[in-house]
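A.B. asks: Build me a model from this:
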Amino acid sequence: MKTPRLTVLEKIGFGGGDAAVNVVWSALAIIITFFYTDVYRLNVAHIAMLGLIPRLIDAFADVGMGMYTDSHTTRWGRYRPYFLIFAVPFGIAVMLVFTTPNLSYNGKLLWAYTTYILMMLVFTAIVIPYISLPGVLTADPQERLSANGYRLFFAKGASLLVNTFVPIFAARWGQEHLAKGYQISMAVMAGMATLLFIFCFFTTTERVVHKSDRKPLGQQLGLLWKNDQWMVLFWVCLIGTIGYVIRGSAALYYAKYFLGGDAKMQAAFVTTGIIGNILSMVASTWITKKFCKIQLFRWSQLITFVLSVIMFLAVAPSSIVAAFVLYFLINFIVDLQGPVFWSIISEAVDYGEVASGKRVAGMAFGGVSFAQKMGMSLAAGMVGWLLTYFQYEADKVQSAFTLRGIALLLTIIPSVFHLGMGLLMYKYRITDKYYCEIKEKLAAQGKLVFAGSSDTTTS
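C.D. replies: Model prediction:
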């Protein structure tokens, strides 16, 4: 069955959307914990709950947004309108999180909770439609993989920009004005994200049309529960996100305290990891043309575990070069699965439709985002609790026990979760060949179509 190809401009526009998403994602994964402890000066014990509670609230909002997009469509499509509607609120919400009013400690804590929850809810309203978009851009698995390669390349580029520009720009303001520096630099990033979402709206097209189908929540959850391949991806996402966020959150602490680096070294260390992520996107797209994408997913996570153990055992505070090299390799290998994961969610949805005769798309993507937010919540809580356990105090000379704990947070602890990801993927069996069979069955049943083509029907 012939499917329309995506233009380069459309892939760039789609990638621009994830660049906007990653203004928040990279800030949450790398900057936010450090910002709250070392800039806004919140108690490290309170950071655990601040990272946990708002993200748990938002995780349940993902399910609601997934249900809504499953049952509503417009003349602009099912998912794209939200990019236009929420682009400006998204930018404002991000800026408010990094605004630090001069309040009492309890007032500061209340401000942090309020702005964090607001940002996460707006994030959900725009991100659930965005991650659902590949399923309606094209039904071709290679085109989806290519589009997700562009997407994650731009995402990592945005992450590089945020995590390089923001700490260095903020540091130039001096210690007394560090908070102001973070506010202004993140406001610039938020403005960029707003424009990128608008660009994504105008450059993408929803080609694959699915019939709006209102199903009760219980029925949708039951269908997803019976979809064994989607369940694998759910747990892979939850477990993997914990690993990603713990390692990302520890990076600035590791560079500042374990390696003894100044602001420039901290930015350079984080940048080294992100460059590894970016190059990984390019490499993954090339490798999957010649090698099974599911095998690549499995082995990338198992190798990440081995490299992380080596880094913990081999790197001492004086081993700066070794730390940079191993951190680059870990970030390069771990992200080889990125384009694969985001391209196969739609395939698991189609697999479930063939198996049950009923389609659950919005809830499937919302459920994956729920898993991601749950992982972020649990990871944020774990980072806060572990920093407390390892007796971390901001801007103090850390004990050997604390430094060892920071090293564990960057290496061994997250690598255990990546090991779990790799092992779980041995239960995933939708290869490209198998998916082609699924696609043919859907087409034969008149459930797979393309808007504006001679084949047009709806599912």
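
A.B. asks: Provide the backbone phi and psi angles at residue 101.
C.D. replies: When read as degrees, to the nearest 10, the backbone of residue 101 gives phi -70, psi 150.

A.B. asks: Now for it, how many residues are close by?
C.D. replies: By other Cβ atoms under 10 Å, 10 other residues sit near residue 101. Every residue, glycine included, has its C-beta placed from N, CA and C.

A.B. asks: ok, it - contacts?
C.D. replies: 107-108, 111 (Cβ atoms under 8 Å, 6 or more residues apart in numbering).

A.B. asks: From the rest of the structure, what touches stretch 252-271?
C.D. replies: Contacts of stretch 252-271 (Cβ under 8 Å, 6+ apart): 30-31, 34, 160, 163-164, 167-168, 171, 251, 317, 320, 323-324, 327, 387, 392, 398, 402-403, 406-407, 409-410.

A.B. asks: so of these, which ones are in helices?
C.D. replies: Secondary structure from DSSP state H places 34, 160, 163-164, 167-168, 171, 251, 320, 323-324, 327, 387, 402-403, 406-407, 409-410 of the contacts of stretch 252-271 in helices.

A.B. asks: re the thing from before, from the contacts of residue 101, which land in helices?
C.D. replies: Short answer: the contacts of residue 101 in helices (DSSP H) are 107-108, 111.

A.B. asks: for the residues you listed, which one is nearest residue 370?
C.D. replies: Closest approach between the ones in helices among the contacts of residue 101 and residue 370, by Cβ to Cβ: residue 111, at 26.5 Å.

A.B. asks: give the contact list for that closest one.
C.D. replies: 101, 103.

A.B. asks: What's the per-residue pLDDT of it here?
C.D. replies: For residue 111, the pLDDT comes out at 93.

A.B. asks: Kindly report the same for residue 39.
C.D. replies: Value for residue 39, per-residue pLDDT: 84.

A.B. asks: and if you look at residue 270?
C.D. replies: Predicted confidence (pLDDT) for residue 270: 87.

A.B. asks: ok, now residue 70?
C.D. replies: Turning to residue 70, the model gives it a pLDDT of 69.

A.B. asks: what's the answer for residue 77, then?
C.D. replies: 79.

A.B. asks: Hmm, residue 206 and it touching each other?
C.D. replies: Yes - counting by Cβ atoms under 8 Å, residue 77 touches residue 206, with 3.7 Å between them.

A.B. asks: between the two, what contacts are shared?
C.D. replies: Shared contacts of residue 77 and residue 206, defined by Cβ under 8 Å, 6+ apart, comprise residue 136.

A.B. asks: now the helices: where do they sit in the stretch 151-300 of the chain?
C.D. replies: 178-203, 217-226, 228-253, 263-287, 293-314 (DSSP state H, counting those that start in this stretch).

A.B. asks: what's the closest of these to residue 15?
C.D. replies: Closest of the helices of the stretch 151-300 of the chain to residue 15 is helix 178-203, at 8.4 Å (criterion: Cβ to Cβ).

A.B. asks: Any buried residues in the closest one, and which?
C.D. replies: Using 16 or more other Cβ atoms under 10 Å as the test for burial, helix 178-203 gives 178-179, 181-194, 196-201, 203.

A.B. asks: what about it, distance to the chain center?
C.D. replies: With Cα atoms, centre = their mean, to the nearest Å as the basis, helix 178-203 stands 17 Å off its chain's centre.

A.B. asks: average pLDDT across that helix?
C.D. replies: Averaged over helix 178-203, pLDDT sits at 90.

A.B. asks: Which secondary structure elements does it sit against?
C.D. replies: With contacts taken as 3 or more Cβ pairs under 8 Å, 6 or more residues apart in numbering; DSSP states H and E, helix 178-203 sits against helix 8-26, helix 81-97, helix 141-172.

A.B. asks: Dump the helices of the stretch 151-300 of the chain to a markdown table, plus distance to residue 46.
C.D. replies: Shown next, in a markdown table, are the helices of the stretch 151-300 of the chain (distance: least, Cβ to Cβ, whole Å):
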| stretch | distance to residue 46 |
| --- | --- |
| helix 178-203 | 17 |
| helix 217-226 | 34 |
| helix 228-253 | 15 |
| helix 263-287 | 23 |
| helix 293-314 | 28 |
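
A.B. asks: Comparing the ones you listed, which comes out most buried?
C.D. replies: helix 228-253 (a mean of 24; mean count of other Cβ atoms under 10 Å).

A.B. asks: any idea of the mean pLDDT in it?
C.D. replies: What helix 228-253 shows for mean pLDDT is 93.

A.B. asks: what is the orientation angle of that helix with helix 8-26?
C.D. replies: Calculated by axes from the mean of the first three to the mean of the last three Cα atoms, to 10 degrees, helix 228-253 forms an angle of 60 degrees with helix 8-26.

A.B. asks: how near is residue 359 to residue 219?
C.D. replies: Residue 359 is 12 Å from residue 219, where distance means Cβ to Cβ, to the nearest Å.

A.B. asks: Check residue 233 too.
C.D. replies: Taking Cβ to Cβ, one finds residue 233 at 20 Å from residue 219.

A.B. asks: isn't residue 192 right up against residue 23?
C.D. replies: Yes - using Cβ under 8 Å, residue 192 is in contact with residue 23, at 6.9 Å.

A.B. asks: Show me whatever sits in contact with both of the two.
C.D. replies: Counting by Cβ under 8 Å, 6+ apart, the contacts common to residue 192 and residue 23 are residue 158.

A.B. asks: List buried residues within the contacts of stretch 252-271.
C.D. replies: For the contacts of stretch 252-271, a neighbour count by 16+ other Cβ under 10 Å gives the buried set as 30-31, 34, 160, 163-164, 167-168, 171, 251, 320, 323-324, 327, 387, 392, 398, 402-403, 406-407, 409-410.

A.B. asks: Adding distance to residue 378, write the ones in helices among the contacts of residue 101 out as a markdown table.
C.D. replies: Formatted as a markdown table, the ones in helices among the contacts of residue 101 follow (distance: Cβ to Cβ, whole Å):
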| residue | distance to residue 378 |
| --- | --- |
| 107 | 28 |
| 108 | 24 |
| 111 | 24 |
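
A.B. asks: what pLDDT does the residue nearest to residue 38 when sequence neighbours are not counted get?
C.D. replies: Leaving out its chain neighbours, the residue that sits closest to residue 38 by Cβ to Cβ, 6 or more residues apart in numbering is residue 394, at 4.8 Å. We have a pLDDT of 81 for residue 394.

A.B. asks: mind listing what residue 394 touches?
C.D. replies: Residues in contact with residue 394 (Cβ under 8 Å, 6+ apart) are 37-38, 41, 44.

A.B. asks: ok, the closest residue to residue 287 other than its chain neighbours - contacts?
C.D. replies: Nearest non-adjacent residue to residue 287, counting by Cβ to Cβ, 6+ apart: residue 296, 5.8 Å away. Each residue near residue 296 by Cβ under 8 Å, 6+ apart is listed here: 284, 287-288, 336-337, 340.

A.B. asks: Relative to residue 158, how far out is residue 285?
C.D. replies: For residue 285, the distance to residue 158 - Cβ to Cβ - is 18 Å.
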